[in-house]
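Asks: Sharing a model that was predicted from the sequence below.
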Amino acid sequence: MRLARLTAFFLLVLGLYVSGQPTGQAVAVHVTDDNGQPLAGITVQIKGTPRKYVTNAAGELTINNVPPGAVLIFTGVNVEEMEMAVGGKTELTTRLKTKVAALEDAVVTGFQRIDRKKFTGAAVTIKADSIKIDGVNDISRMLEGRAAGVSIQNVSGTFGTAPKVRIRGATSISGENKPLWVIDGVVLEDIVNVSNEQLTSGDASTLLGSSVAGLNINDVETFDILKDASAAALYGARAMNGVIVITTKKGKAGVPRVNYTGTFGLQLRPSYSTYDIMNSADQMSVNAEMERKFNLFYPTMVNAQNSGVYGELGKLLQTPNANGIFAVQNTPEARQAWLMKYANVNTDWFKLLFKNSVNQTHSLSISSGNEKATTYLSTSYYNDPGWTVADNVKSYTITLNQTYTPSNRLTFGFLVGGNVRQQQISGTENRSTDPVIGVYSRDFDINPFTYALTTTRTLPAFNDDGSYNFSTRNYTPFNILYELKNNSTHLNVLDGKIQGRLSYKITPFLSYDFIGGLRYAKTTEEHNVLDNSNEANAYRSGDPNYPGYTSIINENNKFLYQDPTLPFNQAVSVLPYGGFYKRTDRTLSNYSVRNQLNFNQSFDDRKHQITALLGQEYISTNRQTSSDVGVGYQWNTGGTPFVDYVYFKQLTQTNGVYYGMLNEYNRNAAYYANVQYTYNNRYTIMGTARTDGSNLMGNTTRNRYLPTWTVAGVWNVDQEKFMEPLQAVISHLMLKSSYGLNASIGNAINSTTILKSAITNRQYQSDQQTAINIQDLQNLDLTWEKKYEFNVGTDIGLWNDRVNLIVDYYRRRSFDLVGLVRTAGIGGEVNQFANYANMNSHGLDISLTGKILQERDYGITSTFNFGWNITKITNLRNNPNIWSLVGEGGGAQQGFPVRGLFSIANRGLDPYYGFPLFLNDSGIVSPQVNLSSLNTSHLKYEGPSDPTITGGWSNTFRYGAFSLNMLITYQAGNKIRLRPVYTSIYSDLDALPNEFKRRFELPGDQKLTNIPSVQMFSQAGYILQQESAFPYNNYNYSSDRVADGGFVRLKAATFSYQLPSQLLAKAGMKSGSLSVVANNLWLIYSDSRLHGQDPEFYATGGAALPVNKQVTVALRLGL
Amino acid sequence: MKKIFHYILLLTPAVYLSACNKQLGKLPDNRAVITNVDQVTQLLTSAYPHAIYAPFTEPMSDNSEDKGAAPATADPESYQINSQAYRFQDVTTVRFDSPTAYWDSCYRAIATANLALTYCNGPDSANFAAQKGEALVCRAYAHFMLVCLFAKPYNPSTAATDLGIPYVTAPQTSVFQKYTRGTVASVYANIESDLTRGLALIQDKIYGTAPKFHFTQQAAHAFASRFYLFKGDYNQVIAHSSAVFGTADPATLIRDQVTLYNTLQYQQLTVNYVSSTNNANILLQEAQSNYFDNYASYRYGYGLGTYNNVINGGNVTHGSYAVITYGATPQVFNFPKWSPYNVGPASNNIRYGLFPLFSMEEVLMNRAEAYAWVGNYDAAVADLNAWVSKNINNYNPATNNVSVASADAWYQTPDNISLILAALDFKRVTYMQEGLRWFDNIRLGFTIYRFAGSDFNTLVDSISPSDKRRVLQLPAEAVAAGLELNPR
């Protein structure tokens, strides 16, 4: 093909010398595609002349004055070039072959387009159209199972949250491990820096975690996933975790093309059948045992912080009505009778909190233009009324992409894009971490999914009269449905950008490229806590002027204010009226500039081809986060804030702040060069060097710059003479290899001492002073995290590319990895960031595509992707403690994977009390385990917490106008920790799993079960306290609470139908299709211990929701 | 035209190169940058340990006994610290209130002082003299507290070989920096050098409205009084203690417990005890701790035995102590000393309290003891009676005042020892439940006896002065820093 183009070029030049125009006749040309559909915008050129024409909407064209012996050249986007001799005919009909999608001819790295035959790196190019799953709103999720070695874990399904994306596994122990996203050559900076680990936190900021949430999938032309050092070489010190390059659609010359896509997705409500939760009768029987063991003691539960029906019973037993009659007599029978009512309640929280709602997207694009200018304009609208009763989202996008080619030397264009999002979720506070033992907690969590999963089914949502039934939370009446109406978080995103590009041919072999981008994003997160919400009322419960006052609540409610200078006064509310209006604003302003010189020359009849480039890049990113708390906002009465000075008095005494603002500045400058030489289209060698400079290391020039480099080569074996006899079988064969260094800046930025000002934590304002604290000590040795990667791969096409196999093997050596090291503290800081670890990894990416059947009317195509990745920490200058290894994500330990999951080894149950026993840190069997012990040798290693095997299997069946695609995704090799459900004291609000039915109840049961007993409060509790033992908490982190993380899932099944052309023609349409997609419907295999629970999802509360099951209908029309 | 274009292209990188270095010097966030002397003063606000030793020194001391099971509400981790310390086991947790947390906090203070000193030694050093003085004394104080707890007590004959603690004099620049422990003698020499140099430079005027939270001249002298007492340099103790009092009568500086306990209620007493407006407090610091909330209810602590033997069992003055033991049962006996408060949102429940590092009674008793050691019994008796006058109910100088004779009669020991014991007893009563007693226990080599329960009869353990467990163990990570752990 290349040769053909070259010939055409020479003939063109030759043609210029031919003097005079031979006379000829008019020729009518009719162009269609494989299926006979007319093709517009096809360029027809008379060979050997500069005369070019373009077909019209009907694929027709009449050329006058055609020499009888002329040859016509047909070229166009997505079709294979063809030549046809006129041969004296006056009418020509031709079918052009559509280019085969699997064999993209070029890889787009964001810096250059490289012919795949000369591309030395490991990269996957995916056409957006081929992976589009209707109804999935985030394009990063569509990559799941589509590319070997790219692992996508849907840790939350809420709109805007990012999946955990890893390319070839983790490269860093504490760093972000997420790939760099690049759109049309410009790096897409995150609005908030949410690391892969923080993605699971459930905080409202995770809704901004997905860089690409504001991108319309219909605007995307291709994804190029750059996996190895060579492919990502030009990104240097930001490419350690791979790069995903998105190329968006551009306008096409020809008549305007209008495309509409509409999808309607029915979201299916979850049900108890897939979750392992006791029904209310079973739960009541467990509650009865807890009552017998004084774990549920209703007399004290009257004033308990949280309580359900037992608290209610306690109140009824204490409060007579006006006639002195108690609603429940305090006799065992009466109490029993009252409680038994709740054994049959069986509240279906999923039904109450979720709905079968329909989301929709509408997307419209117009492409138009001519040879000199093209335009692509698109807009989309997404509306999800909410899977839960608490959330909804609307999102709008607009894109305008214009390209101008005023001369054959100059091309320039603009991309203007923007998106707006309005989202509502249940009211969310950020989770806080106990820095010592690492336990997470979240105040006022009303995440509907978490609530349904953890709240007892004995609690009714409504009373008999249809009014809300209130339980007690924070000493305050609480009903989840009522609370969700009164407590919500609203997120608004406004994100706009403009990108410009210019390309100028200085000489035929030297060109200059410019790419610049400017982006501004503003997000507002508002947490509206209404006057009557539980969260607002919790600030009043126990106040002497507030109903329901008791001295016990007054003393215990931590949200009340006790004036330290007036110790005899009662605690009072700081929020006597109104609620809260909490607001966080984030802005991102980012610009980038790139200048690049390209050299492209060949010698000796293209035997020697050299391309080289030299460039410079500068990226500036500013982020600002500001937050404040509006106190006493009276939502229900006109919105006037009622501000009590006591609130601020408490705030100053507790050293709190009522507003804050944080600026972050990131500057990155780089120079790069790349040389590539190809001999005889067979051998290509490539070398890249780049130096990055960053301001993150502080105002020291030490380690400010980091050079990276790559060398690589590819051998097109199929071009060799000796392969000619095999051409019938082996249509192409490439061998490639690369080796190089790339890097990323870790999350430590203390090359100089970092100081932060603070207010002293003293009680009285008169004693307070402004202080400056050392936040981080200087670490002169701090440097970038780096990685050497070796890749060897092959790309084989068999039987005219009917079967295509790509295999890549890689070894990676990460070093200077940054992590938090616990030191002896002598320098003044106990936990310090240091480049303290090395890690090796290796793996295999296999992609096999087969066009099993390929006939005109029917066909079967199957693609199988397989990624295998093993990591091992080879050096770790830190001794982790037990707690850091047994948590849900595991931890780093030398000799083990990047995040190995460890467990406390079980040793059965105590034969008398039934509390669990363990092999503890001292190597003895005991209920007591010191979680902060550094002796981790007695822990049981479970396995890596990241999957070692990921992939997908996609099958497409095509018959006439119908097609069916089934995408199966899988992962294996990892272990996950089950949800912590065991505790020494349960409340009457807890929902327990069914396995509780097998719990230890009587001595002797320890031989039959490993499920611990309900703790005997007085006796066992005392024994355990003597030993400072927390066996029930430890049990959550024991090997009994581990499941296999592997799964096989039918991710999507798509059934499409191409609407008949006659029908479309009648309606004035050019193309149209209808499809039905089932998303996420079937978890084919997962560990039975999970009881159907999603192995990918972390139920962390807050903003996190699992990816839902959905059935989507999509309609596509082209005008 | 084309040529110009080429030149521009060639020039761009050069222009960018120079511009880039400037851009890359931009600080990545809004961190503090110290540029003036006031900021050094602010930095020094953090050069004090913000952790307390009482949670582990009090149960180790002879003030504590086994009171039996603690209420179920006790915070489990500080409960564990309490039990392990009482049993002379190495405390396993590293959370606040643990010995390791105290170690960390002292070294944090030292690092801050060292960083401040780098600003004080610039060309403009004359303007930074007061700051330099505070930094040096802060550095000396934190090292002194560490050497007392994590090394053997100072003994002139063995100090040159006893393992000390790392004396850090420069900011750390590498995470994996190696340190050496030196000897107790070398640590003491460094402390003395920093203390005397610092004391000469300190100026109270830089401390603004919160002098009670800084090493004022008075506080530095109080520290010197304690330091020389440990070193056994009694004339220095007398000199520095006297400098603390100045011309004032010490009796007017210490707490008038008789009046306080007669006029104030429990909560008022707690507020008063740690108030910066209380003249008796010389140096206060804030610290995160659960001790302030739970100190009464720990299993090992001040109980019936100590109450009967120390507080209520008669004393050298033949009067009764004014301080009142609160608590409905011996299980929760306590003195109203702490006034904890929340820091940050209430829901986080991060508890802080103010803790006195130095107060007048200690300085007074230090001087009394030093006078007794050097044989100036009249002066010793005068100091003792200054305390007696404010601490004995219905104080009557004629019957309550201590004399050499009355002390000898009460303690049945030689003159100077009797007076020393009286000073130690008064100190013990004053600082009950504050952890200070432990320092006297180790300084003077008391054997610590452990009894079964509160009856003080059935001896279960005795920890002699040579017992290795009396020296707290270094954090486990210290080995990685090149240090030798204490023998066990």
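Replies: Sure, I can see it. Please read these numbers as outputs of a predicted model, since none were measured by experiment.
Asks: On the three-state scheme, residue A:825 is what?
Replies: Classification of residue A:825 using DSSP: H, G, I helix; E, B strand; the rest coil returns coil.
Asks: try residue A:810
Replies: strand.
Asks: Would you mind measuring from it to residue A:612?
Replies: Residue A:810 is 26 Å from residue A:612, where distance means CB to CB, to the nearest Å. C-beta here means a position set from N, CA and C on the backbone, and glycine is covered the same way.
Asks: same check, this time on residue A:406
Replies: In terms of CB to CB, residue A:406 sits 27 Å off from residue A:612.
Asks: what bridges to residue A:623?
Replies: residue A:588, residue A:664 (DSSP bridges).
Asks: For it, give me the pLDDT.
Replies: As predicted, residue A:623 sits at a pLDDT of 92.
Asks: Verify the contact between it and residue A:523 for me.
Replies: No: using CB atoms under 8 Å, residue A:623 makes no contact with residue A:523, being 10.8 Å away.
Asks: okay, and the common contacts of the two?
Replies: Each of A:191, A:586, A:587 lies in contact with both residue A:623 and residue A:523 under the rule CB atoms under 8 Å, 6 or more residues apart in numbering or on different chains.
Asks: Among those residues, which one has the most neighbours?
Replies: Top of the shared contacts of residue A:623 and residue A:523 by neighbour number is residue A:191, holding 26 neighbours under the definition other CB atoms under 10 Å in any protein chain shown.
Asks: what's near enough to touch that one?
Replies: Contacts of residue A:191 (CB under 8 Å, 6+ apart): A:208, A:211, A:493, A:495, A:521, A:523, A:586, A:588, A:623.
Asks: and those as JSON lines, adding secondary structure?
Replies: Listed next are the contacts of residue A:191 as JSON lines, based on three-state DSSP:
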{"residue": "A:208", "secondary structure": "helix"}
{"residue": "A:211", "secondary structure": "coil"}
{"residue": "A:493", "secondary structure": "strand"}
{"residue": "A:495", "secondary structure": "strand"}
{"residue": "A:521", "secondary structure": "strand"}
{"residue": "A:523", "secondary structure": "strand"}
{"residue": "A:586", "secondary structure": "strand"}
{"residue": "A:588", "secondary structure": "strand"}
{"residue": "A:623", "secondary structure": "strand"}
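Asks: Contacts for the one helix or strand residue B:220 maps to next, please.
Replies: Element membership for residue B:220 (DSSP states H and E) is helix B:217-231. Here helix B:217-231 makes contact (CB under 8 Å, 6+ apart) with B:137, B:140-141, B:144, B:148, B:153-154, B:188, B:191-192, B:195, B:198-199, B:202, B:204, B:215, B:234, B:236-237, B:240-241, B:243-244, B:246, B:282-283, B:357-358, B:362-363, B:366-367, B:369-370, B:439, B:443.
Asks: hmm, try it at 6 Å
Replies: B:137, B:141, B:144, B:154, B:195, B:199, B:202, B:204, B:236-237, B:240-241, B:243-244, B:282-283, B:358, B:363, B:366, B:443 (CB atoms under 6 Å, 6 or more residues apart in numbering or on different chains).
Asks: who wins for neighbours among the contacts of residue A:191?
Replies: Busiest of the contacts of residue A:191 [other CB under 10 Å] is residue A:208, holding 25 neighbours.
Asks: Do you know the pLDDT at it?
Replies: You'll see residue A:208 listed with a pLDDT of 86.
Asks: just so I have it, where are all the helices in the stretch 251-400 of chain B?
Replies: Using DSSP state H, counting those that start in this stretch, the helices found in the stretch 251-400 of chain B span residues B:257-263, B:266-273, B:291-294, B:304-306, B:360-374, B:377-391, B:397-400.
Asks: Would you mind getting the angle between the fifth one and helix B:217-231?
Replies: Spelled out, that is helix B:360-374. 40 degrees (axes from the mean of the first three to the mean of the last three CA atoms, to 10 degrees).
Asks: Could you list the alpha-carbon positions for helix B:360-374 in CSV?
Replies: Provided in CSV are the C-alpha atoms of helix B:360-374 (Å, rounded to 0.1, in the frame of the first residue of the first chain):
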residue,chain,number,x,y,z
MET,B,360,6.8,25.7,92.4
GLU,B,361,6.4,22.9,94.9
GLU,B,362,8.9,20.8,93.1
VAL,B,363,11.5,23.6,93.0
LEU,B,364,10.9,24.3,96.7
MET,B,365,11.4,20.6,97.6
ASN,B,366,14.4,20.3,95.4
ARG,B,367,16.0,23.2,97.3
ALA,B,368,14.9,21.7,100.7
GLU,B,369,16.5,18.4,99.7
ALA,B,370,19.7,20.1,98.4
TYR,B,371,20.0,22.1,101.6
ALA,B,372,19.7,18.9,103.5
TRP,B,373,22.4,17.2,101.4
VAL,B,374,24.8,20.1,101.9
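Asks: Go through the helices of the stretch 251-400 of chain B and pick out the most buried.
Replies: With neighbours defined as mean count of other CB atoms under 10 Å in any protein chain shown, those peak in mean count at helix B:360-374, which reaches a mean of 27.
Asks: Could you list every helix and strand in contact with that helix?
Replies: Packing partners of helix B:360-374 (3 or more CB pairs under 6 Å, 6 or more residues apart in numbering or on different chains; DSSP states H and E): helix B:217-231, helix B:234-245, helix B:377-391, helix B:415-430.
Asks: next one: that helix to chain centre, how far?
Replies: 18 Å (CA atoms, centre = their mean, to the nearest Å).
Asks: do stretch A:663-683 as well
Replies: On CA atoms, centre = their mean, the centre of stretch A:663-683 falls 28 Å from that of its chain.
Asks: likewise stretch A:643-663?
Replies: 35 Å.
Asks: cool, and stretch A:865-873?
Replies: 20 Å.
Asks: what's that stretch in contact with?
Replies: Contacts for stretch A:865-873 (CB under 6 Å, 6+ apart): A:148-149, A:168-170, A:839-847, A:892, A:894, A:897-898, A:948-952.
Asks: 7 Å - rerun?
Replies: With CB atoms under 7 Å, 6 or more residues apart in numbering or on different chains as the contact definition, stretch A:865-873 has outside contacts at A:145-151, A:168-170, A:173, A:837, A:839-847, A:892-898, A:948-952.
Asks: Only whichever of the residues you listed are buried, select them in PyMOL.
Replies: If you want just the buried ones from the contacts of stretch A:865-873 in PyMOL, going by 16 or more other CB atoms under 10 Å in any protein chain shown, the selection is:
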select buried, chain A and resi 145+146+147+148+149+150+151+168+169+170+173+837+839+840+841+842+843+844+845+846+847+892+893+894+896+897+898+948+949+950+951+952
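Asks: closest to residue A:884 among the contacts of residue A:191?
Replies: Closest to residue A:884 out of the contacts of residue A:191 is residue A:208 (27.9 Å), distances taken as CB to CB.
Asks: wait, doesn't the closest one sit right on residue A:198?
Replies: No: here residue A:208 lies out of contact with residue A:198, judged by CB atoms under 7 Å, at a distance of 11.3 Å.
Asks: about what we covered before: let's have the helices and strands packed on helix B:360-374 in a markdown table, adding mean pLDDT.
Replies: Formatted as a markdown table, the helices and strands packed on helix B:360-374 follow (pLDDT from 0 to 100):
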| stretch | mean pLDDT |
| --- | --- |
| helix B:217-231 | 96 |
| helix B:234-245 | 95 |
| helix B:377-391 | 95 |
| helix B:415-430 | 93 |
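Asks: what's the most buried one of those helices?
Replies: helix B:217-231 (a mean of 24).
Asks: Report how many residues lie close to the residue of the stretch 51-200 of chain B found nearest chain A.
Replies: Taking CB to the nearest CB as the measure, the point where the stretch 51-200 of chain B comes nearest chain A is residue B:111, at 2.3 Å. Residues within reach of residue B:111, counting by other CB under 10 Å, total 26.
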